[in-house]
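Peer 1: I'll drop the sequence and a predicted model, then ask my questions.
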Amino acid sequence: MTTQETIFSKIIRREIPAEIVYEDNLALAFKDVNPQAPVHILVIPKEPIAKLSDAESQNHALMGHLLLTVKRVAEQVGLNNGYRVVINCGEEGGQTVNHLHLHILGGRAMQWPPG
Ligand code: DGP
């Protein structure tokens with residue numbers, strides 16, 4: 001299933017501003033507007049997949065690309081001591097924007113378990 005129009009579609013099309021830190025033909029990475037850590041970046045596919053549970057086997061290369069993009073962006077911004085990657089999926093997962101996104105959180109020690 002694909003998404004309805006979201007704020008992230010507008011960011012991809014540069015219709016609203018965002019602090020973009022990385023882009024290629026498949027993915028975009030930009031700073032989260034409401035950071036939960038000193039470094040908080042979102043990695044999104046340009047293809048509008050609404051949430052992780054909507055990803056299909058045909059998306060497997062894209063899903064791998066998103067994880068490798070996380071690694072690349074984390075290196076680019078200097079997260080040399082580690083970081084956390086979060087995907088909130090659906091209502092009980094805490095997802096608020098219906099366009100798949102991977103949170104990169106870093107710059108401080110993370111707690112476990114999460115709330
Ligand atoms: P989630 O709860 O996993 O759906 O996270 C959505 C994140 O998106 C949340 O951390 C705030 C961020 N966000 C929402 N709207 C905007 C926006 O317009 N610009 C940016 N940069 N981030 C946004």
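Peer 2: That came through fine. Residues are numbered from 1 along each chain as shown.

Peer 1: Going along the chain from the strand ranked longest in the chain, find the next helix or strand for me.
Peer 2: Taking residue count as the measure and DSSP state E as the definition, the longest strand of the chain comes out as strand 39-45. In the C-terminal direction, the helix or strand that comes right after strand 39-45 (DSSP states H and E) is helix 60-76.

Peer 1: What residues of that next one count as buried?
Peer 2: 62, 63, 65, 66, 69, 70, 72, 73, 74 (16 or more other CB atoms under 10 Å). Glycine gets a C-beta too; all of them are placed from N, C-alpha and C.

Peer 1: Check stretch 71-90 too.
Peer 2: 72, 73, 74, 77, 79, 83, 84, 88.

Peer 1: Which ones among these also lie next to the ligand?
Peer 2: Contacts with the ligand within these, as defined by CB under 6 Å from any ligand atom: residue 88.

Peer 1: In the protein, where is pLDDT below threshold?
Peer 2: Applying pLDDT under 70 to the chain flags the ranges 1-3, 115.
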